[in-house]
Structures are given as C-alpha cells and as structure tokens.
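Asker: predicted model, plus sequence, below.
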Amino acid sequence: KNPLSSPMPIYALFIVNKAGSLIYHKNFSAKSRKISSNECLYMASVFHGLYLNASSLGQSSGDLRVPMGIEKIMTESFRLECLRTLTGIKFFLTADPDADYLKALLNDIYIIYTDYVLKDPFYVVEMPIRLSSFENKVMSYVLEASEKGEMKNQNR
C-alpha cells in the first residue's frame, strides 16, 4: 500500500535551519501539489524571511526569550503551523485546514529529530538531513497518527 495514495490531513513537512536553508522536506499527501526541489528551496527561504520580519514586528520585552514569528497561518485551502527551536531551527507543516493538533505533532517530530538526527555521530548540524532512519520514523509516525484520526478536528 502506497502511504501517499490515501487521503491525509498532513500535506508536507519542512525543516529550515537558522540561516533559512531548507534541510529537510517530505510530502505526505497526494492532495498536496507536487513541487520541484527548487520550489521547495524557494518556499523555505521565503517562509524564513517572513518569519524573521514577523518576529521583528513583535514587541521587545527586554528579556532573553526567543522572539516569536509566524506560528500559524490559516486559509480556506490549507493550514501552516511552525515550531521554532531555541537553536533557530524551524519545523513547519502544511495540512488540511481542519487538521488539529499540529503543534503537538511538530513537538513530536522535533523529538524524533533530536533522537535520530542530532544523536547521529555522522550528521553535521545545519546541513541537509539524509538519514533513512529519520525519514522512516517520521513517515511511520505521521501515518500512524493520521490513521488514528488524532489530527482531525471532530468539532468542525
């Protein structure tokens, strides 16, 4: 069974390093438009710029907290949610507009990232992620959560 052939509320995952370079991208749904590698790089770079602009518009509280940029974008056709780590790595998902629990899913993907990517002795931080163990774990986790229906808002 091809996991991308069944309808999924999650369309794609992007991981962007602190410099704005795309270090990982994965499509999960056949519903999402097929985009080229160049388009993925462009989208990640544009999102990074928008994120930085949004974070600079926020009020400066004078403390050492991480400035927050874009956390969520909602449209009629998709939803985007972003998690920024303390090290500046941004994880963002695009999904069905009714998909819920994306923040929890992003947190879980971040844990998978720390377990499978950062603990790999051969991975160089800030470089593209090319680890099949990470890819397999993310894919199986998102598929499992999607099959359980944990990401779909039942109230809408």
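Answerer: Thanks, I have the structure now. Numbers count the residues shown, from 1 in each chain.
Asker: what about the residue lying closest to I15 once chain neighbours are set aside, which SS state?
Answerer: Closest residue to I15 apart from its sequence neighbours, by C-beta to C-beta, 6 or more residues apart in numbering: Y24 at 3.9 Å. (Glycine included, C-beta is placed from N, CA and C.) Counting by DSSP: H, G, I helix; E, B strand; the rest coil, the backbone at Y24 sits in strand.
Asker: hmm, Y24 is touching E126, no?
Answerer: No: using C-beta atoms under 8 Å, Y24 is not in contact with E126, being 11.6 Å away.
Asker: between the two, who's got more neighbours?
Answerer: Of the pair Y24 and E126, Y24 is the one with more neighbours under other C-beta atoms under 10 Å, namely 23 against 13.
Asker: can you tell me which residues contact the more buried one?
Answerer: Y24 makes contacts with L13, F14, I15, P128, I129, as judged by C-beta atoms under 8 Å, 6 or more residues apart in numbering.
Asker: quick one: the strands in the protein, in order.
Answerer: For the chain, applying DSSP state E gives strands covering 10-16, 22-27, 72-74, 79-84, 90-95.
Asker: longest helix in this protein, by residue count?
Answerer: helix 37-57 (DSSP state H).
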